[in-house]
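In: sequence and predicted structure are below.
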Amino acid sequence: MKLLSQLILAGTSSILTILPAAAQGNSTHELEVINQLSSKAAVSSMPVSQLLNAPGNEALKAFFFTPVKEEEKALLKGRRIAVLAADGFEEIELTGPVWYFKSRGAQVDVVAPKFNPAPARYGLSTPEMAKDHIMAIQYLNPVGWVKVDRRADEVKVAEYDAVFIPGGAWNPDNLRYDKDTIRFVKDFNQSGKLIAAICHGPVVLASAEILKGKKLTGYWNIQSDLANAGGTVLEKAVVVDGNLITSRHPIDVADFSVAVKDWLIRL
């Protein structure tokens, strides 16, 4: 009990150090307010290994762990793919297809909006690496960071054969607000080149106003948005309609990646 009291006291002292000196005279009240404003700090973790080893995901595990055949290693050689992503992307929906495309010889660039830190008044602490990395999540839990290769205001349609957009509930919201990303998607669609999106990713295509008359799919809670944007939503792992390929969720990553590969090798 003595040790517990010491730990509580130490924690209280550490909180007090972040309070202005003038405020510490009323520290009990302010600590009570801080406790009511703060959520619990415990964060659960679901490593990729847990996803691949989960019951029912045997095919997904085999997709990644089966060695790449020698004759497959150059299938996408010369193909250039841009991954449009921002903070809050679903980890396996970016890293999975990127691994697959690179292992088949493609050049893959992670393209993100310009770094735009939150205003100082938001009171956030942004890590230094956020300037040139984007944050990955697994089912809303932040899990890591991926290096950005280029910014959305730098890229041109002529530089790539395909773009793909991973999901993650936050990532598409960040992308659809970025004028450079939306311009790039619209221009890419005009070119007739491949646009692929998985999970929540298709809502970026809705914002780019390119879904009217298209068959597609997406995560369940955005399907009404896709229909409202003029699309016909199908409940399938992968839907291919012209230059558009879409999928529903992380478990579809294998089928999604293969569909993109098959589209590209026909070029």
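Out: Structure received. Numbering: from 1, shown residues only.
In: Thr181: neighbour count?
Out: 28 (other Cβ atoms under 10 Å). Glycine gets a C-beta too; all of them are placed from N, C-alpha and C.
In: using the three-state scheme, assign it.
Out: helix (DSSP: H, G, I helix; E, B strand; the rest coil).
In: for it, give me its contacts.
Out: For Thr181, the contacting residues are 84, 113, 152, 175, 204, by Cβ atoms under 8 Å, 6 or more residues apart in numbering.
In: for Asp173, same thing?
Out: Shown in contact with Asp173 (Cβ under 8 Å, 6+ apart): 88, 203.
In: what about it, distance to Glu154?
Out: 22 Å (Cβ to Cβ, to the nearest Å).
In: likewise Lys102?
Out: Where Glu154 is concerned, Lys102 sits at a distance of 21 Å (Cβ to Cβ).
In: what about stretch 192-207, start to end distance?
Out: With Cα to Cα, to the nearest Å as the measure, stretch 192-207 spans 18 Å from end to end.
In: neighbours of Phe64, just the number please.
Out: By other Cβ under 10 Å, 16 other residues sit near Phe64.
In: which of the residues in the helix or strand containing it are buried?
Out: Assessed by DSSP states H and E, Phe64 sits inside helix 58-65. Across helix 58-65, burial judged by 16 or more other Cβ atoms under 10 Å covers 60, 63-64.
In: could you dump those residues into a markdown table and include pLDDT?
Out: As requested, the buried residues of helix 58-65 are exported to a markdown table (pLDDT from 0 to 100):
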| residue | pLDDT |
| --- | --- |
| Leu60 | 93 |
| Phe63 | 93 |
| Phe64 | 92 |
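In: and which of the residues you listed is nearest to Asp161?
Out: When those are compared for distance to Asp161 (Cβ to Cβ), Phe63 wins out at 22.5 Å.
In: surely that closest one meets Ala254?
Out: Yes - between Phe63 and Ala254 there is a contact under Cβ atoms under 8 Å: 3.8 Å.
In: sorry, back to before: helices and strands around the helix holding Phe64, which ones?
Out: helix 48-53, helix 253-264 (3 or more Cβ pairs under 8 Å, 6 or more residues apart in numbering; DSSP states H and E).
In: got these as TSV, with mean pLDDT and distance to Gln36 columns?
Out: Output for those, formatted as TSV (pLDDT from 0 to 100; distance: least, Cβ to Cβ, whole Å):
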stretch	mean pLDDT	distance to Gln36
helix 48-53	85	33
helix 253-264	98	40
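In: pick the most buried one from those helices.
Out: helix 253-264 (a mean of 21; mean count of other Cβ atoms under 10 Å).
In: that helix vs helix 58-65, what angle?
Out: Computed by axes from the mean of the first three to the mean of the last three Cα atoms, to 10 degrees, the angle separating helix 253-264 from helix 58-65 equals 60 degrees.
In: now helix 253-264 - C-alpha only, CSV.
Out: These are the backbone C-alpha positions of helix 253-264, laid out as CSV (Å, rounded to 0.1, in the frame of the first residue of the first chain):
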residue,chain,number,x,y,z
VAL,A,253,-6.0,-7.4,-49.6
ALA,A,254,-4.8,-10.5,-51.4
ASP,A,255,-7.6,-10.5,-54.0
PHE,A,256,-7.3,-6.7,-54.4
SER,A,257,-3.5,-6.9,-55.0
VAL,A,258,-3.9,-9.7,-57.6
ALA,A,259,-6.7,-7.8,-59.4
VAL,A,260,-4.4,-4.8,-59.7
LYS,A,261,-1.5,-6.9,-60.9
ASP,A,262,-3.7,-8.6,-63.5
TRP,A,263,-5.0,-5.2,-64.8
LEU,A,264,-1.5,-3.9,-65.1
